[in-house]
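Q: what shape does this take:
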Amino acid sequence: MKKRRERVAAVTASYVCHFQPEPEGGYTVPCPSVPGMVTYGKTLDEARRMAREAIELCLEVMREQGESIPPSDKPPQRAFKELVQVNAAV
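A: Next comes the predicted model:
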């Protein structure tokens, strides 16, 4: 008897992650919508890549265990602060 493989349709979802700078360098990245997901990257770009990979792996495990996948987060709508460096020498 031949085994049938079940196809899983690709679905795009988005989750808000918190990029927390660490005193020794790098970023710790939790994702509140995906329970247990925390990762780290030495640079912001690496932290983003690691977050994407960690979320995908968590979702894969959740699917395999029959758990429901968290719904996609809505884009953040509130204001945020960011330090902008400028050359003040005129």
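
Q: show the contacting residues for the residue nearest to the spatial centre of the chain.
A: For the chain, the residue nearest the mean C-alpha position is residue 51 (3.8 Å; Cα atoms, centre = their mean). By Cβ atoms under 8 Å, 6 or more residues apart in numbering, the contact list for residue 51 reads 17, 29, 31, 37, 39, 41. C-beta here means a position set from N, CA and C on the backbone, and glycine is covered the same way.

Q: list the buried residues of the helix or strand it falls within.
A: Element membership for residue 51 (DSSP states H and E) is helix 44-64. By neighbour count with 16 or more other Cβ atoms under 10 Å, helix 44-64 contains the buried residues 47, 48, 50, 51, 54, 55, 58, 59, 62.

Q: what sits closest to the second one if chain neighbours are left out?
A: Spatial nearest neighbour of residue 48, excluding adjacent residues (Cβ to Cβ, 6 or more residues apart in numbering): residue 41 at 7.1 Å.

Q: tell me the pLDDT at the one you found?
A: As predicted, residue 41 sits at a pLDDT of 97.

Q: specify the beta-bridge partners of it.
A: The residues listed as beta-bridge partners of residue 41 by DSSP bridges are residue 27.

Q: wait, doesn't it sit right on residue 47?
A: Yes - counting by Cβ atoms under 8 Å, residue 47 is a contact partner of residue 41 at 2.9 Å.

Q: hey, what's in contact with both of these two?
A: The overlap between the contact sets of residue 41 and residue 47 (Cβ under 8 Å, 6+ apart) consists of 26, 27, 29.
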